[in-house]
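Chemist: Generate coordinates for the sequence data below:
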Amino acid sequence: NTTKKQQPKQQNTQTQPTMSLVIEEKDFQHILRVLNTNVDGRQKIMFALTKIRGVGRRFANMVCKKAGVDLNKRAGELTEEEIEKIKVVIAEPETYDIPKWFLNRQKDPQTGKYSQIVSNDINAKLRDDYERMKKIRLHRGLRHYWNVRVRGQHTKTSGRHGRACGLVKMLRM
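Modeler: Numbers count the residues shown, from 1 in each chain. Below you'll find the predicted structure:
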C-alpha cells in the first residue's frame, strides 16, 4: 500500500482590518440636545433619535427621510439646519405627509386632532388623561386611582409584592 501524505493547506494569515469611526473633531458633537433630550452623537441619526421619548425607530426613519437627512450620517455630524429641519418635521408631521395612523396621539379627547407628542408632553398628556378618567368615574380611571391593575389582569394571587396582605395587615391595626 502506498499512502500519500496529505499536505496541510496553508491558511491565509492576513486578518481583516477593523472598521473604526474617524471624524474630524472640530465639526463633531458628542452630545446633542434635541427636544429636551440628550442624544448620543456617535450613533447613526435614526437610532439616535429614538432616545427622545415618543420617537420610535420607524417614526425616526420616516422623519429623517422627510427632512432629507442622510441615514448613514452620525448624529454628531449634522449641521444646525438639519437638526432644525428634524425638529420641525417632528413638531408638524402632517404637513410633511406623514399619515395620521403613524402618529402616537390619535383623536385627542379634548381637541379631536391627531398629533405626535414627544418628550415632556407625554407625561402631561397621560396625567391629563388619567385625571379626566377619574373625574368622569370611568372604570379605568378608578383602577388607576386605587393603584390596582387596570388592563384586566388577575389580581387574586399575582402581583402581591409591595403590598401588605393577610396577617401582616391585621397586625398593623
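
Chemist: any idea where the helices of the chain begin and end?
Modeler: The residue ranges that make up the helices of the chain, judged by DSSP state H, are 45-49, 57-67, 80-91, 120-135, 139-146, 167-172.

Chemist: most neighbours per residue, which of the ones you listed?
Modeler: Among the helices of the chain, ranked by average contacts under mean count of other CB atoms under 10 Å, first place goes to helix 45-49 (a mean of 23). Quick note: C-beta positions are derived from backbone N, CA and C, even for glycine.

Chemist: would you turn the helices of the chain into JSON lines with distance to Thr157 and mean pLDDT?
Modeler: Listed next are the helices of the chain as JSON lines, based on distance: least, CB to CB, whole Å; pLDDT from 0 to 100:
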{"stretch": "helix 45-49", "distance to Thr157": "41", "mean pLDDT": "94"}
{"stretch": "helix 57-67", "distance to Thr157": "37", "mean pLDDT": "94"}
{"stretch": "helix 80-91", "distance to Thr157": "44", "mean pLDDT": "93"}
{"stretch": "helix 120-135", "distance to Thr157": "27", "mean pLDDT": "92"}
{"stretch": "helix 139-146", "distance to Thr157": "18", "mean pLDDT": "92"}
{"stretch": "helix 167-172", "distance to Thr157": "16", "mean pLDDT": "62"}
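
Chemist: TSV for those, including distance to Phe28?
Modeler: Written out in TSV, the entries for these read as follows (distance: least, CB to CB, whole Å):
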stretch	distance to Phe28
helix 45-49	13
helix 57-67	19
helix 80-91	14
helix 120-135	28
helix 139-146	45
helix 167-172	57
